[in-house]
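S.K.: return atomic coordinates for the entry below.
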Amino acid sequence: MDPFFLNRTEAGKQLAQNLMHYAGTPDLLVLGIPRGGIPVAFEVSEALHAPLDIFVVRKLGVPGDSELAMGAIASGGMRVLNEDIVRGLKISISEINRVARQEAEELKRRELLYRGPYPKQLVRGKTTILVDDGIATGASIRAAIEALRSFKPARLVIAVPTTSVSAYQELRPLVHEFVALAKPEPFHAVAQSYGEFPQVNDEEVIHLLEQSHRHDLELERTIEPLWNRLNPETLDLKGIDWVILGGESGSGNLTTPFEIEWVEELREHCRSQGIAFFLKQLGRVPMRDGKPLKLIDKHGGNWEEWDKELRVREFPKAFHDYRRNELVLSDEPRPSSRKKNAEEASLSAVEIKDFKRLDLAVQKGLAAFIECGIALKETLCF
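M.R.: Presented below is the predicted three-dimensional model:
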C-alpha cells in the first residue's frame, strides 16, 4: 500500500486544510503531543493562526514488555488503565504505581524541557484541538482526552493524519469532533501511512515551539532614550504593536533634553494607528516650550508630577498575564489600570511586577521583541 503522506510536515498541512472551519474562532488553542505530534501540530497552528502548546502523554508499559500498553498518563495527573490487560496479566497495583512514577518523572522532564520559559496555555473555555501524528490503539490519547475534558474546554477536537478504525470508533464519542484523514485497513502501525517517518528528537520539538511562540508574541519598539524629534509623517510603525517611550536618565550637562512636544506627537501618531503607547519616564531634563520642567523625581519617573494628558501607559492587544499563565486578548490596547478616570490611573503593584517580567524577557531576547535605541544623532532611523 502506498503511503498517504510524504512526511509529518506534509501531513500537518493537509490536516490543517481540513480544520480551516476553525480559523478565526475566538480562544482557539492547538495542543501537540510530543514528540511526533509537534511537527504536525505546528503546521495546524500556523494555518489557523492559533497558539501552540504541548500536551504530554506517556504510555504505561507492561512490566517485562514495555511495548504493550497497560494504560497511560497525561499532563495534569490523569491516569487511564486498560482493565482487560491489567486483569488478564494479573498486574498488581504496586507494579502499576511503580511504572506510573517512572513515567511521571519523564513527563515532567519533557514539560519543563519543551515549554521552557513560556507560560502554560489554559484550556478552560477554549476550543482545543489536540493533534498527534497518528493513533494506533488509542490508549495514550484516551488519557489525554480524559485529562483535557477535566479542564473543561469549550470544545474538544482530535485531529490526526491517520488512525485505526477501532481507535476512531472508540474515541469519537468522547470528543466534539474527530478529524482523521486516513483510516487504512489493515492497520499495522502509524508509520505505514508515511513515506518518511524518522524519530523526532527533543531539539526539533523545542525549535518548533520557539518558532511558534515568536509568532504569538507581539512586536514592541523601545524608543529610550529619545534624543531627537521623530517626524510622524515619515515614522514607519508597520507591524509594531507597542511603543515604549522614555527620556534620558543620565547625569550632568551631557543629558539630552526631552521635549514634551515630541511625546505628544508620538502619542497621537500611535493612537491614530491603534498602537499601544507607554510613557515610561520623562528623563532628567524634560522640556516644554523650550523651558525645563521642575520635577522632584530626578529621573522624571513619578507620573504624579506629570501633566494629566501624559499619563498614558497602555499594554498591547496580546499581553502575557503571568498571574494566570495565559494570553489575554482584547480588541483595543489595554490601559494599565481599570479605573474609569484616566487622570486617576496608575500601575498597580501586580502590573508593575508583570511589566518587569516582560522587560526581563525583552532583555534576554526570548522571543520576537525588538529593542533598539532610535534616532542616534541621525545615524539610525526607523
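
S.K.: could you use CA atoms for every contact and neighbour count after this?
M.R.: Will do.

S.K.: alpha carbons of the helix or strand encompassing Phe277, as CSV, please.
M.R.: Taking DSSP states H and E as the criterion, Phe277 maps to strand 276-281. C-alpha atoms of strand 276-281 as CSV (Å, rounded to 0.1, in the frame of the first residue of the first chain):
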residue,chain,number,x,y,z
ALA,A,276,-0.4,50.8,22.4
PHE,A,277,1.6,53.7,23.9
PHE,A,278,3.6,53.5,27.1
LEU,A,279,5.4,56.6,28.5
LYS,A,280,8.0,55.2,30.9
GLN,A,281,9.7,58.3,32.3
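
S.K.: before we move on, which element is Ile244 in?
M.R.: Assessed by DSSP H and E, Ile244 sits inside strand 242-246.

S.K.: my guess is Glu259 contacts Met287, does it?
M.R.: Yes. Counting by C-alpha atoms under 8 Å, Met287 is a contact partner of Glu259 at 4.8 Å.

S.K.: which secondary structure elements does whatever helix or strand comes next after the strand holding Phe277 contact?
M.R.: For strand 276-281, the following helix or strand on the C-terminal side (DSSP H and E) is strand 286-288. Secondary structure elements in contact with strand 286-288, counted by 3 or more C-alpha pairs under 8 Å, 6 or more residues apart in numbering; DSSP states H and E, are strand 258-259, helix 260-272.

S.K.: got the angle for the longest one vs strand 276-281?
M.R.: Going back to what we said before, that points to helix 260-272. Here the directions of helix 260-272 and strand 276-281 differ by 160 degrees (axes from the mean of the first three to the mean of the last three C-alpha atoms, to 10 degrees).

S.K.: in helix 260-272, what's buried?
M.R.: Neighbour counts over helix 260-272 (16 or more other C-alpha atoms under 10 Å) mark 260, 262-263, 266-267, 269-270 as buried.

S.K.: what comes into contact with it?
M.R.: 229-230, 232, 243, 245, 276-277, 286-289, 310 (C-alpha atoms under 8 Å, 6 or more residues apart in numbering).

S.K.: and if we set it to 7 Å?
M.R.: Helix 260-272 is contacted from outside by 229, 232, 276-277, 286-288, using C-alpha atoms under 7 Å, 6 or more residues apart in numbering.

S.K.: run through the helices of the stretch 201-350 of the chain in chain order.
M.R.: With helices called from DSSP state H, counting those that start in this stretch, the stretch 201-350 of the chain shows them at 202-216, 260-272, 349-364.

S.K.: mean pLDDT for these: which is lowest?
M.R.: Across those, the stretch with the lowest average pLDDT is helix 349-364; it has a mean of 48.

S.K.: that older thread, Gly125 is nearest to which of the helices and strands packed on strand 286-288?
M.R.: Nearest of the helices and strands packed on strand 286-288 to Gly125, taken as C-alpha to C-alpha: helix 260-272 at 31.8 Å.

S.K.: now that closest one, how far from the chain's geometric center?
M.R.: 31 Å (C-alpha atoms, centre = their mean, to the nearest Å).

S.K.: and stretch 248-268, by the same measure?
M.R.: Distance, centroid of stretch 248-268 to centroid of chain: 35 Å (C-alpha atoms, centre = their mean).

S.K.: over to stretch 298-309?
M.R.: 34 Å.

S.K.: same question for stretch 95-112, mean pLDDT?
M.R.: On average, stretch 95-112 scores 92.

S.K.: mind listing what's buried in that stretch?
M.R.: Neighbour count says stretch 95-112 has 96, 99-100, 103-104, 107, 110-111 buried, by 16+ other C-alpha under 10 Å.

S.K.: adding distance to Glu314 and secondary structure, write the residues you listed out as JSON lines.
M.R.: Listed next are the buried residues of stretch 95-112 as JSON lines, based on distance: C-alpha to C-alpha, whole Å; DSSP: H, G, I helix; E, B strand; the rest coil:
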{"residue": "Ile96", "distance to Glu314": "52", "secondary structure": "helix"}
{"residue": "Val99", "distance to Glu314": "50", "secondary structure": "helix"}
{"residue": "Ala100", "distance to Glu314": "47", "secondary structure": "helix"}
{"residue": "Glu103", "distance to Glu314": "44", "secondary structure": "helix"}
{"residue": "Ala104", "distance to Glu314": "42", "secondary structure": "helix"}
{"residue": "Leu107", "distance to Glu314": "39", "secondary structure": "helix"}
{"residue": "Arg110", "distance to Glu314": "36", "secondary structure": "helix"}
{"residue": "Glu111", "distance to Glu314": "33", "secondary structure": "helix"}
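
S.K.: how about a markdown table for those residues, with distance to Phe5 added?
M.R.: Formatted as a markdown table, the buried residues of stretch 95-112 follow (distance: C-alpha to C-alpha, whole Å):
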| residue | distance to Phe5 |
| --- | --- |
| Ile96 | 37 |
| Val99 | 34 |
| Ala100 | 34 |
| Glu103 | 31 |
| Ala104 | 32 |
| Leu107 | 29 |
| Arg110 | 27 |
| Glu111 | 28 |
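
S.K.: ok, these vs Arg155, which is closest?
M.R.: The closest of the buried residues of stretch 95-112 to Arg155 turns out to be Glu111 (C-alpha to C-alpha; 23.5 Å).

S.K.: report how many residues lie close to the closest residue to the closest one other than its chain neighbours.
M.R.: If the residues on either side of it in the chain are set aside, Glu111 comes closest to Val56, at 6.9 Å by C-alpha to C-alpha, 6 or more residues apart in numbering. Number of residues near Val56 (other C-alpha atoms under 10 Å) recorded here: 23.

S.K.: contacts only, for Val56.
M.R.: 33-34, 74-75, 107, 111.
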